[in-house]
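Undergrad: Predicted structure and sequence below. I'll ask about it afterward.
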Amino acid sequence: MSYIVTNRVPVKAAWHEEFERRFRARAGQIDAQPGFVRMRILRPTEESTPWVVETEWENESAFRQWVGSDDFRKAHADPMPKEAFGDGGGLEQFDVVIDSDHSE
C-alpha cells in the first residue's frame, strides 16, 4: 500500500496568505516525481491548529528519492522567515494499513 508523509506547520496568522501562495505557485511540480500519488495542503479552521502538508507516495523509497532530488532542493531553496512560524509541528510518516474511498 501507499506511504503517507505529513508535515504539521504552525504558521502565524499574518503569514497564512503567503504560505498558501507559495504552495499554489509550485502546484503540479511534484506531480512529475516517480512514485508520487497526491498532495493535499490542509488549511486549519482554528488559529491554534497547524497547517498540514500531506503527500502520498507509492512507497517509502519513492519519497526518499524525491527528498534527494533537485526538485526537492528547489522547492525548499527560498524558505519563509522563521518569524512566520510558531512552535511545534513536524514531519510524520505512515504506512497505509487501510484505505477506504468513496469518490464516485
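TA: Sure, I can see it.
Undergrad: contacts and neighbour counts: CA atoms only from here.
TA: Noted.
Undergrad: so what's Val97 up against?
TA: Met1 (C-alpha atoms under 8 Å, 6 or more residues apart in numbering).
Undergrad: That one: which element?
TA: Using DSSP states H and E, Val97 sits within no helix or strand.
Undergrad: Model confidence for it, exactly?
TA: What the model reports for Val97 is a pLDDT of 95.
Undergrad: next one: Ser103
TA: Per the predicted model, pLDDT is 75 at Ser103.
Undergrad: Quick one: neighbours of it, just the number.
TA: 4 (other C-alpha atoms under 10 Å).
Undergrad: Please report the distance of it from Ile41.
TA: Per C-alpha to C-alpha, to the nearest Å, Ser103 is found 19 Å from Ile41.
Undergrad: Angles on the backbone of Leu91, please.
TA: For Leu91, the backbone dihedrals (degrees, to the nearest 10) come out as phi -90, psi 140.
Undergrad: Specify the beta-bridge partners of it.
TA: Taking DSSP bridges as the rule, Leu91 bridges to Asn7.
Undergrad: Could you double-check that it lies in contact with Ile4?
TA: No. Under the criterion of C-alpha atoms under 8 Å, Leu91 makes no contact with Ile4, lying 10.6 Å away.
Undergrad: For these two, indicate the residue with more neighbours.
TA: Shown here are Leu91 and Ile4; by other C-alpha under 10 Å, Ile4 has more neighbours (21 against 12).
Undergrad: in which helix or strand would I find that one?
TA: strand 3-9.
Undergrad: helices or strands up against that strand?
TA: Where contact means 3 or more C-alpha pairs under 8 Å, 6 or more residues apart in numbering; DSSP states H and E, strand 3-9 is packed against strand 51-57, strand 90-95.
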